[in-house]
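1. Make a model of this:
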Amino acid sequence: MSGVGCRVPSPEAGDGEGGFRVETSVFCGWHDISKGMTAQLDNPYRDALDGLEIKDPVKAFFDWCIEREAIRRKRDAGEPPPWTRDAIFQQGRFLNVYREDDKGTKAVLHFADPVKASVPDLIHALFFARWCNRASTL
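-> I've put the predicted structure just below:
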């Protein structure tokens, strides 16, 4: 049986100053138990981070969070795009910093709100919502 393989960032200094080198796994696949076969997934981003060196990953992470949250606030305030000067943020799609700001989470909370007084009904609604996992289905 196969699974998804991935390597975590390795604390090898790319330049001798304690940076992190990000490496990606060569294998990414799924196992179809009913057919007993493994199929490779075509992942266009598999090698996207190869060779990337981040000198201060903690600072980079928090800088990313600050910029992403600023974009969300500008978008929610109705400001016209672009909401950032960063070309990667302009062209890509990224999760929000806080899960409660994501469209899917908002849909689940809205769906479960009418039954929140009954724990059994709330649990059932939450399981159903995450099983469907589509805002349009709820």
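
2. all contacts plus neighbour counts: C-alpha atoms, from now on.
-> Fine.

3. Find the nearest non-adjacent residue to the residue nearest to the spatial centre of the chain, please.
-> Most central in the chain under C-alpha atoms, centre = their mean is L95, positioned 5.4 Å from the mean C-alpha point. In this structure, L95 finds its nearest non-sequential neighbour in D102, 7.1 Å apart by C-alpha to C-alpha, 6 or more residues apart in numbering.

4. Kindly report the same for K103.
-> Once flanking residues are discounted, K103 sits nearest to A135: 7.4 Å by C-alpha to C-alpha, 6+ apart.

5. just the strands in the protein please.
-> 20-21, 29-32, 37-40, 53-54 (DSSP state E).

6. returning to that earlier point: tally of neighbours for the residue nearest to L95?
-> If you count neighbours by other C-alpha atoms under 10 Å, D102 ends up with 12.

7. and if you look at I71?
-> Neighbours around I71, by other C-alpha under 10 Å: 20.

8. wait, what's in contact with it?
-> Under the criterion of C-alpha atoms under 8 Å, 6 or more residues apart in numbering, the neighbours of I71 are W83, T84.

9. Next one: it from R134, what distance?
-> I71 sits 24 Å away from R134, going by C-alpha to C-alpha, to the nearest Å.

10. what does S118 give?
-> Distance, S118 to R134, using C-alpha to C-alpha: 23 Å.
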